[in-house]
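Undergrad: Using only what follows, build the 3D model:
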Amino acid sequence: MRRFREEKGSALVMVMFMMLILTLLGVAVLSATVGGARRTLTRENDIQSLQLTQKTLDESVAYIAANLDGKQIKADMLGSTLQSVVNSIPALAAGGESAESENGVKTEVALASTQLISAKPQADFGGSTVKGSTSYTVTLIAKSDVNGVDRVLRQKVRVSVYPDFLNYAFGSEEDLILNGSPQIKGNIYAGKTLRVSNVANYAYNAQSLQKQSLFPKMEERDGGVKPLAFIQSLDQFNLSENNYPARQVNRGADGAALSGELTKANVLKALGIDLSQVRVRKSEQFVRVDVNQSFKDKFAQAFNLGDAAVPEDNAAMSAYLKSYPNALRMPTEPIKPIRPVNPASTDPQTQKKYEQQLDEYEKAYTQYIKFDLPKYEKALRDLATTLTNMQGTVVFDGDLNVDGEWLRGLIQTRRDPSSWLIVNGSLTINNTIDKAPLNLYGSVLVTGSVNLQGHINVDSTLFTLGSTKIQDATITGADGSKEIVLISKGPILLNRVDAFTPAAVAQTLRGFFYTDATAELYGVGSNFDLQGGFFAKGNLTVNAVVGNSTEDASRQMINFDDQAYGKASRFKVNYNDGVFEHQGLALPRVDQVSVKAEKIELIQESEITAP
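TA: The predicted structure is shown next:
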């Protein structure tokens, strides 16, 4: 009985211990619940803050676009007009918005600028102040405060009178036709119908052939910039698979459609992008380039001519250039005398005639060696020096051949609106001597055709009234970042670039190419890595396969790798948005405004600097 008396009260201790544990658990659960509620509220405030800030930017960009995009404005009026539009953005004029909800949540939203001004925020207006500047950048910074949760977003909007073709990796004012598996990092544009197929066409040994491959793949650019596909309407998107007749993609049960035509699954299959990345941009909004008019505009800039003084047509321009007093011309190569052949005859008259011919030859050869040839070689050196150290506008009358021997490049040491090389004939750049790159720098007008071959280092804007042929060419940018903008009145043939090399080791072509004609591009035997874009006024057709392609030993056929996912495309294009900064006022100008919004960035308040 003694042992039972010693255990009296143990039940109370046990009950108190359990109460303590339950109390601690209750406090922990309560703390977690309160913390979760606070985190949920903070997250809600965070999401609301981001949404309100982005809404402010979207409305501001939409206001700028509504007042300027597609409008007819002269270049010298763009700056003042844009400044007026920016100053009248509603979010700026209102000085921000402030509100308090029923549950006490306070919200403040404003469009800020390079400094935080709560009363009347401003926009940072950037861009060149040079008269006639063709491009400006408006930096919009929006800030919101939702119950103490701050978010600051920045978005740049480029407003220019540049033609729209410079905004796309691939595009056409007519049909854009993508056959097979090109890899596209950048936006695409179809002025009529976007046609997509997984079968690439190609020609070999004068035969028209086909290779079933994968569908095109649109991918994000560096920095996570998502590509967009611009079409005319939701029913102008045609899909063909395994050579079945092209059909409009229809609504499917596997995805919601913008209208009754496109589905999420079909767009993902055809282009590798989400349905939200397909946008409608009417052809009426497209800012076109007139090659003839642009050529005349640059001609006027080069010679500082008024509009009335510019020759009306190509023949008149050619005549103007021929009569230009300081026009350069290829020196005439002297004819090397030919030594007479000894007739090996014993006839005295024949021998006498031979000796006279030999005497005349020796005099002519002495003249050739001592005077004619040195004079010609000096003229070549002087011409090469002039062409490689151009100051201002230089006119060359005739066909110009940069061959890497007597002339290694065309370089303008001063690039401004009045500094141009004008070739009144055809321009050929072909480094047949060695593999060292030839240089093509500066702004160039060519009245004839353009032929590019071999390794060429570029930083140039080039207009040609003829056709363009780019064959077996490697085009790299000066300083590793520049490019060529080549605008061709005639067709552009882009052929046999790194033919039959491994797909993963393609050389880069840095440039934007525009043609007033139709164009067909082939990444089947050739291997393209285009850093820039390609645009055609007529239909643009791109054919591509993935993996390696090699010629059969008998050269009767091409052998292809299995067309499987994960293999590199033989036609890669990566849009380069540095072209506007690099080429500047040499680019063609139009009288129609283009508004292009760049990606939205989340920044810290410390990054908002004072103006």
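Undergrad: ok, the closest residue to Ser181 other than its chain neighbours - how many residues close by?
TA: Spatial nearest neighbour of Ser181, excluding adjacent residues (CB to CB, 6 or more residues apart in numbering): Leu214 at 4.0 Å. Quick note: C-beta positions are derived from backbone N, CA and C, even for glycine. Using other CB atoms under 10 Å, Leu214 has 19 neighbouring residues.
Undergrad: Equivalent analysis for Gln351, please.
TA: Gln351 has 14 nearby residues by other CB under 10 Å.
Undergrad: what do you get for Asn198?
TA: 21.
Undergrad: Give me the secondary structure label for the residue lying closest to it once chain neighbours are set aside.
TA: In this structure, Asn198 finds its nearest non-sequential neighbour in Phe215, 4.7 Å apart by CB to CB, 6+ apart. For Phe215, the secondary-structure state derived from DSSP: H, G, I helix; E, B strand; the rest coil is coil.
Undergrad: For Phe215, list the residues it contacts.
TA: Applying CB atoms under 8 Å, 6 or more residues apart in numbering to Phe215 gives the contacts 181, 196-198, 269-272.
Undergrad: What is the neighbour count of Asp591?
TA: By the criterion of other CB under 10 Å, Asp591 has 13 neighbours.
Undergrad: Can you verify my assumption that it contacts Gly70?
TA: No: between Asp591 and Gly70 there is no contact under CB atoms under 8 Å: 11.1 Å.
Undergrad: list the contacts for the residue nearest to Ser181?
TA: By CB under 8 Å, 6+ apart, the residues touching Leu214 are 180-181, 198, 546, 563-565.
Undergrad: what about 7 Å?
TA: Applying CB atoms under 7 Å, 6 or more residues apart in numbering to Leu214 gives the contacts 181, 198, 546, 563, 565.
Undergrad: on contacts alone, who are the packing partners of the lengthiest helix in the chain?
TA: In the chain, with assignment by DSSP state H, the single longest helix is helix 10-68. The elements that helix 10-68 packs onto, with contact taken as 3 or more CB pairs under 7 Å, 6 or more residues apart in numbering; DSSP states H and E, are helix 75-87, helix 90-93, strand 106-112, strand 135-146, strand 149-160, strand 594-603.
Undergrad: Going by mean pLDDT, which of the ones you listed comes out lowest?
TA: Mean pLDDT per stretch puts strand 106-112 lowest among the helices and strands packed on helix 10-68, at a mean of 52.
Undergrad: how near is the residue nearest to Ser181 to Glu241?
TA: 11 Å (CB to CB, to the nearest Å).
Undergrad: Mutual contacts of the two, please.
TA: Contacts common to Leu214 and Glu241, judged by CB under 7 Å, 6+ apart, are Asn198.
Undergrad: which residues touch stretch 367-375?
TA: The contact list for stretch 367-375 (CB under 7 Å, 6+ apart) reads 334, 336-337.
Undergrad: Identify the residue nearest the geometric centre of this protein.
TA: Compute the mean C-alpha point of the chain, and by CA atoms, centre = their mean the closest residue is Gly532, 3.4 Å away.
Undergrad: Val394 bridge partners, please.
TA: Leu421 (DSSP bridges).
Undergrad: domain ranges for this structure?
TA: Listed domain ranges for the chain are 41-95+109-161+593-610, 164-306+398-592, 331-382 (source: the TED database).
Undergrad: got the ones you listed as CSV, with distance to Ala11 columns?
TA: Listed next are the domains of the chain as CSV, based on distance: least, CB to CB, whole Å:
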stretch, distance to Ala11
domain 41-95+109-161+593-610, 44
domain 164-306+398-592, 65
domain 331-382, 114
